Every structure is written in C-alpha cells, then in structure tokens.
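S.K.: Sharing a model prediction with you, sequence too.
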Amino acid sequence: MTGTVLKGVGGAYTVLSGGKRHTLRARGTLRLGSLAPVAGDRVEFEPARGGGWLTRILPRANELGRPPVANLELAAIVLACESPSPDLLLADKLLLCARRAGIPAAVIVNKLDIGREASAGIAAEYERSGARAFAVSAATGEGIEALREALSGRVFALCGQSGVGKSSILNALYGLRLASGELSARIGRGKHTTRACEFIPVEGGGMAADTPGFSLIEMGLTRPDAIRGWMGEFAPYEGECRFSPCSHRSEPDCAVREAAERGAFPFGRWTRYCVAYDEAEAKWRKRYG
C-alpha cells in the first residue's frame, strides 16, 4: 500500500492512505539507510494488526532540511511585525532554501492588528522577491480570507520563528484548535508549542504542515554564485554589471548594488544577501577541509 507521512514521533510514523490513518514503524533496512522518513513523504507500507511496517520512501519531488518536510507545493514563511521582533535574515535564508529546492514560496506577516505600518513595511521588503506577501491578523481574521484562497488545494508548510503565530494562523484559516504559544517575557522569543512537523488535511483538498519554530538556520553547502540567481530582485539587472561574473557585493559598477542604493528594491534585501553570500563562500572554501 502507499500513503503520505503526516508525522513521525519517536520512531512511529502516522501515514494517511485512502482516508485511513496507520501507525507504522520503519523496517530495519530502512532505518539503516541514509534517508529517513519525514512529514510529507510518499511511502510504501505493509499494514498489520495493531500497526504495520513502513518499507520504502518513494522519490521526493523536493525537500527542506529545516523544517524537515518533503513534497511541498508551497513554503509559507511566517514573520510577526513585532513580538517577537522579525528576523528578516532568517526569512531570507528560508526563501533561499526554498528556491534551491525548487519550491514556490510566500511570506506571511502576522499580527497586523498590533502593527499595521510595520506589517506593511515588512511585506514591502518582498514585493520584488518573487514570493507573494500577505499581511494578516490571526487574532482578528483580517487578511485571512485572501490567504485561504491563495492556499486552497495546496500542500504547504508554515515555517519560521517561534511565537510568530504559525499555529494561530492555521486555527484562523481552518477552524482548528492547535495549541498556540505565548512570547516569553524573559527572553523576548516565542515558546515552543509545536514539537514536531505534522501535516493536517484541510478543506479544499490540500494539506497544511504546522512546524516547530527556530531562530537559526544553516543553508548547508551551497555554491555562492548560485545564491544571486535565487534573488528575484536581481533579475532585471543581470548582465548590466561591468564585470561578469559579478557577485553583486563590492565590485565597481555593479548594476545590482547600484539599484539597491538608489532604492529600486529594498536595500535590506541586498545587505542580507551579502551576509548569506559570505557565509556560503566561507563554507565552500572549506568543503574539502
């Protein structure tokens, strides 16, 4: 039989097949392999009384390492306009990871009700990125209908920091009762309420993944020159720099940098690109070390 992994906890996997859920363990040969099942995987399994065995992971269309999910049709990156403070570098790295995996992306700015101007400013950061941006309030429902229409029928995951309201957004979208966290007054970050990635079948025929929040992400080994190709804002200026190839950082007469400096697209997107590029370049140089 075949099905989709909804979640995996402690070596037990919940697999949906034909509208029925099965709790499975991985066969020994699968456990010893280099590929572990993750939420979203299409799998083959052998049902049995009281459980069953997951025997094979079918080829993935795509995957993310963090959060660990597979076969997405959309990666939805969630930020809060405040409480916690939006980590735009984290969001940018998530966008780059999605582009590397070939996954379309969207940016959702939550808590519109407590910071309308800040929400609009964050959404504007991504207008030319190639990712559609939404400003919503899970608390009041503002913007939720437009987001629901955009997500209808799709397999997607909400990704981002703790405390930004990923579970609350899903509750507002689909009338769910997922536990939602509060901001820690001591450290100013969200508390973890979602412990594992879990796909939830939702109205419209799609599936939504609630995922644990995190504050750090490593992009892994990536060719530095690939990163500039994942920046949607850079596309209109490619080929116009004095030097080719151009890393779009410190080279003279760089059309991309000059466009950022004159405000053709948000300057912060360029500065955070430089940070991501420098990190990738340092790892690339040490790849044989």
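M.R.: Yep, it's here.

S.K.: Any idea how far apart the tips of stretch 250-268 sit?
M.R.: Terminal residues of stretch 250-268 lie 16 Å apart, using Cα to Cα, to the nearest Å.

S.K.: In that stretch, which residues are buried?
M.R.: Of the residues in stretch 250-268, 254-257, 259-260, 264-266 count as buried by neighbour count, 16 or more other Cβ atoms under 10 Å. Every residue, glycine included, has its C-beta placed from N, CA and C.

S.K.: do stretch 198-216 as well
M.R.: Buried positions in stretch 198-216, judged by neighbour count with 16+ other Cβ under 10 Å: 198-199, 202, 206-214.

S.K.: Show me what the nearest residue to residue 165 once chain neighbours are set aside bridges to in the sheet.
M.R.: Nearest residue to residue 165 in three dimensions, chain neighbours excluded: residue 110, at 4.2 Å (Cβ to Cβ, 6 or more residues apart in numbering). Judged by DSSP bridges, the bridge partners of residue 110 are residue 80.

S.K.: follow-up on the earlier one: would TSV of the buried residues of stretch 250-268 with distance to residue 84, secondary structure and pLDDT be doable?
M.R.: Output for the buried residues of stretch 250-268, formatted as TSV (distance: Cβ to Cβ, whole Å; DSSP: H, G, I helix; E, B strand; the rest coil; pLDDT from 0 to 100):
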residue	distance to residue 84	secondary structure	pLDDT
254	34	coil	98
255	36	helix	98
256	31	helix	98
257	31	helix	97
259	31	helix	98
260	27	helix	97
264	30	coil	97
265	26	coil	97
266	21	coil	97
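
S.K.: What ranges does this protein have for its helices?
M.R.: With helices called from DSSP state H, the chain shows them at 28-31, 88-101, 116-125, 144-151, 166-174, 224-229, 255-261, 267-285.

S.K.: Now do the shortest one: everything it contacts.
M.R.: By Cβ atoms under 8 Å, 6 or more residues apart in numbering, the surrounding residues in contact with helix 28-31 are 37, 54-57.

S.K.: again, only this time at 10 Å
M.R.: 11, 25, 36-37, 43, 53-57 (Cβ atoms under 10 Å, 6 or more residues apart in numbering).

S.K.: farthest-separated two in these?
M.R.: 11 and 56 (16.8 Å; Cβ to Cβ).

S.K.: Compare the two (neighbour count), which wins?
M.R.: Remark: of residue 11 and residue 56, residue 56 carries more neighbours, 16 against 9, as counted by other Cβ atoms under 10 Å.

S.K.: Between the helices of the chain, which one is closest to residue 16.
M.R.: Minimum separation from residue 16 across those (Cβ to Cβ) falls at helix 166-174, 16.4 Å.

S.K.: just how off-centre is the closest one within its chain?
M.R.: 16 Å (Cα atoms, centre = their mean, to the nearest Å).

S.K.: picking up where we left off before, how many residues are close by the residue nearest to residue 165?
M.R.: Using other Cβ under 10 Å, residue 110 has 29 other residues around it.

S.K.: give me the number of residues near the residue nearest to residue 214 when sequence neighbours are not counted?
M.R.: With Cβ to Cβ, 6+ apart as the criterion, residue 214 has its nearest non-adjacent residue at 6.5 Å, and that residue is residue 66. Other residues within reach of residue 66, judged by other Cβ under 10 Å, total 18.

S.K.: Test my guess that residue 66 contacts residue 101.
M.R.: No: Residue 66 is beyond contact range of residue 101, at 11.4 Å (criterion: Cβ atoms under 10 Å).

S.K.: could you list every residue that touches residue 119?
M.R.: Residues near residue 119 by Cβ under 10 Å, 6+ apart: 79-82, 86, 109-113, 133-137, 142-143.

S.K.: Mind pulling the model confidence for residue 177?
M.R.: Looking at residue 177, its pLDDT is 91.

S.K.: now do residue 183
M.R.: Residue 183 carries a pLDDT value of 46.

S.K.: Ok, residue 195 next?
M.R.: We have a pLDDT of 72 for residue 195.

S.K.: Look up the closest residue to residue 177, ignoring the ones flanking it.
M.R.: Spatially, and ignoring its direct neighbours in sequence, residue 177 is nearest to residue 171 (6.6 Å; Cβ to Cβ, 6+ apart).

S.K.: how many neighbours does that neighbour have?
M.R.: Using other Cβ under 10 Å, residue 171 has 17 neighbouring residues.

S.K.: can you pull the pLDDT of it?
M.R.: For residue 171, the predicted pLDDT is 96.

S.K.: Flag the helix or strand of this structure with the lowest per-element mean pLDDT.
M.R.: Sorting the helices and strands of the chain by mean pLDDT, DSSP states H and E puts helix 28-31 at the bottom, at a mean of 70.
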